[in-house]
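Novice: Quick one, fold the following:
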Amino acid sequence: MDSSLFDKHCIKDKNIEDGLDESIWNKLCIKLDPRRLMGGDYQTHAGNLGYSMEKIHYLEAQKEPTKVLLKEWCRNGQGTIKQLLDALGEIAREDAAELIKDWIDQKRCNCEKCGHLT
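Specialist: Presented below is the predicted three-dimensional model:
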């Protein structure tokens with residue numbers, strides 16, 4: 001098989017705003033939008049990104065705070081799928097990270113790092 005047919009760039013290096021399917025966005029919001037007393041929600045993620053309490057309170061007033069946060073993160077020049085996976089690990093949300101990892105497996109990223117080259 002001609003290896004030039006494969007995208008040599010890892011899907012994890014894509015910006016989440018452009019790279020993730022809408023269904024994954026929705027599932028992430030379901031997991032991260034509800035406030036959690038022990039952390040691990042959009043507020044914890046925003047705090048880890050250095051957002052002020054004022055900005056976190058602004059996010060709290062949004063209909064989909066996780067989506068607003070992640071889209072803003074992307075517009076600030078960050079927010080790759082890999083960075084999001086790392087950030088979810090930092091806030092102990094492996095369940096949310098697994099959504100993305102399963103999606104990557106289904107997409108069959110064709111890079112050497114993901115091991116799907118044939």
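Novice: quick one: buried residues of the lengthiest helix in the chain?
Specialist: Taking DSSP state H as the criterion, the chain has its longest helix at helix 94-107. Buried residues in helix 94-107, counting neighbours by 16 or more other Cβ atoms under 10 Å, are found at 96-97, 99-100, 103-104. Glycine gets a C-beta too; all of them are placed from N, C-alpha and C.
Novice: can the residues you listed go into JSON lines with extra columns for distance to residue 84 and pLDDT?
Specialist: Shown next, in JSON lines, are the buried residues of helix 94-107 (distance: Cβ to Cβ, whole Å; pLDDT from 0 to 100):
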{"residue": "96", "distance to residue 84": "9", "pLDDT": "96"}
{"residue": "97", "distance to residue 84": "8", "pLDDT": "95"}
{"residue": "99", "distance to residue 84": "11", "pLDDT": "95"}
{"residue": "100", "distance to residue 84": "7", "pLDDT": "93"}
{"residue": "103", "distance to residue 84": "12", "pLDDT": "91"}
{"residue": "104", "distance to residue 84": "11", "pLDDT": "89"}
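Novice: Tabulate those (CSV), appending distance to residue 63.
Specialist: CSV is the format used below for these (distance: Cβ to Cβ, whole Å):
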residue, distance to residue 63
96, 19
97, 24
99, 21
100, 22
103, 23
104, 28
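Novice: so when I look at residue 38, I'm seeing a helix, right?
Specialist: No: going by DSSP: H, G, I helix; E, B strand; the rest coil, the assignment for residue 38 is coil, not a helix.
Novice: Tell me how far it lies from residue 91.
Specialist: According to Cβ to Cβ, to the nearest Å, residue 38 and residue 91 sit 10 Å apart.
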